[in-house]
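> Only the shape, not the letters, is given here:
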């Protein structure tokens, strides 16, 4: 991995933490940016960059079949259900976060669903 890619990933990680902190603070974007000492345009620029990166990570990558994600890969604020839930194949799972609704059927790739959930947490 080259240094530019590492630096870009560090910046994205830094701004993801800022976005999460802003969400948890309960402040509006304008209020948060003012107290943090940067302009709203910078916040929106990095929000767009994070969304673009999240969407790029959603593209399928050729890999061996993956198992269900473990507890350490679940985004903060999400719960892991320990029990086995039996549902009808024709009835999709509905996940709703911040007004965004995701429907996942029984054939959904667990890794893809995990990435979608992580992207929703950043919004």
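Right, received. Where do you want to start? Every value quoted in this text rests on a predicted model; they were computed, and no experiment measured them.
> going forward, measure contacts and count neighbours with C-alpha atoms only.
Will do.
> how about the strands of the protein, start to end?
93-97, 100-104 (DSSP state E).
> ok, which stretches of the chain are helices?
With helices called from DSSP state H, the chain shows them at 3-25, 29-36, 40-58, 110-122.
> I'd like to know which of the ones you listed lies nearest to residue 102.
helix 110-122 (8.4 Å; C-alpha to C-alpha).
> what's the closest one packed up against?
helix 3-25, helix 40-58 (3 or more C-alpha pairs under 8 Å, 6 or more residues apart in numbering; DSSP states H and E).
> Residues contacting the last one, please?
Counting by C-alpha atoms under 8 Å, 6 or more residues apart in numbering, helix 40-58 makes contact with 12, 15-16, 19, 29-30, 33, 112, 115-116, 119, 122-123, all of which sit outside it.
> Measure how buried residue 24 is and give me the count.
9 (other C-alpha atoms under 10 Å).
> what sits against it?
Applying C-alpha under 8 Å, 6+ apart, no residues contact residue 24.
> What score does it have for pLDDT?
On pLDDT, residue 24 comes in at 93.
> State the distance from it to residue 32.
11 Å (C-alpha to C-alpha, to the nearest Å).
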